[in-house]
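Q: this one's structure only:
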């Protein structure tokens, strides 16, 4: 992490003690910046993998690094390939590997929370995995989506207690609850696109 310190970037992580390194989780975080990946991969305990869209594989340097870190790429437009990727994630979860997923599907332009997609919650629900909501703050100001400049500052990561997927009657109910928890640590102005729904 010396490279980040050299450009004035620090990470402040709270709640990592909620995770048992010997257990597997579906870790669900909001996605503000490319900086989210090192923020989670370097500070969360246990064996970690990533779920990402196939386009990431083609990004110079990042694509190769992501694959080496255990990223499984999903082609959401190809149902068969997406199914195979999903089954691979389920298998690794059962083997004790945790997966980090950004359910918004893309980075936010301005830090605002975007609607969550159901994919990660389907997987967690099917294997009975606990879901760990994670809130990332200030990353979009450190390295915005548009451009490659890195600004000095602190990226805050809040790791919330795990949510037991078996406690919920439906995938939608689980998704809504996790989104509420992620949203709970964000400033009101970042929740314009987030509409709370009844469980």
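A: Alright, I've got the coordinates. This structure is a prediction, so every number in the text was calculated from the model and none was measured.

Q: buried residues in whichever strand or helix holds residue 176?
A: Residue 176 is located in helix 171-183, with elements delineated by DSSP states H and E. By 16 or more other Cβ atoms under 10 Å, the buried positions in helix 171-183 come out as 171, 173, 174, 175, 176, 177, 178, 179, 181, 182, 183. In short, each C-beta sits where N, CA and C put it, glycine included.

Q: any idea how many residues pack against residue 186?
A: 19 (other Cβ atoms under 10 Å).

Q: contacting residues for it?
A: Each residue near residue 186 by Cβ atoms under 8 Å, 6 or more residues apart in numbering is listed here: 30, 113, 135, 137.

Q: residue contacts, the third one?
A: It stands for residue 135. The contact partners of residue 135, taken as Cβ under 8 Å, 6+ apart, are 29, 30, 157, 158, 160, 181, 182, 183, 184, 185, 186.

Q: how close does it sit to residue 14?
A: Counting by Cβ to Cβ, to the nearest Å, the separation of residue 135 from residue 14 is 10 Å.

Q: overlap in contacts, the two.
A: What both residue 135 and residue 14 touch, as defined by Cβ under 8 Å, 6+ apart, is the set 157, 158.

Q: just checking, residue 162 touches residue 132?
A: Yes: Residue 162 is in contact with residue 132 according to Cβ atoms under 8 Å; the separation is 5.0 Å.

Q: overlap in contacts of those two?
A: 18, 19, 25.

Q: buried subset of those residues as a ChimeraX selection?
A: Filtering the shared contacts of residue 162 and residue 132 down to the buried ones (16+ other Cβ under 10 Å) takes a single ChimeraX command:
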select :19,25
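
Q: and the helices in this protein?
A: Counting by DSSP state H, the chain has helices at residues 2-6, 36-41, 62-68, 79-94, 119-127, 139-142, 171-183.

Q: which stretch among those helices is buried most, on average?
A: helix 139-142 (a mean of 23; mean count of other Cβ atoms under 10 Å).

Q: and it, what does it pack against?
A: Secondary-structure packing of helix 139-142 (3 or more Cβ pairs under 8 Å, 6 or more residues apart in numbering; DSSP states H and E): strand 153-159.

Q: and the strand it packs on, what other elements does it pack with?
A: So strand 153-159, by 3+ Cβ pairs under 8 Å, 6+ apart, packs with strand 9-14, helix 36-41, strand 130-137, helix 139-142.

Q: identify all contacting residues around it.
A: Under Cβ under 8 Å, 6+ apart, the answer for strand 153-159 is 8-16, 18-19, 35, 39-40, 43-44, 132, 134-139, 141-142, 185.

Q: ok, it: who's next to it in the sheet?
A: strand 9-14 (parallel), strand 130-137 (antiparallel) (DSSP bridges).

Q: contacting residues around residue 182?
A: 28, 29, 30, 113, 133, 134, 135, 160.

Q: now with 10 Å, please.
A: Taking Cβ atoms under 10 Å, 6 or more residues apart in numbering, we find residue 182 in contact with 28-30, 103-104, 113, 116, 133-136, 158, 160, 194.
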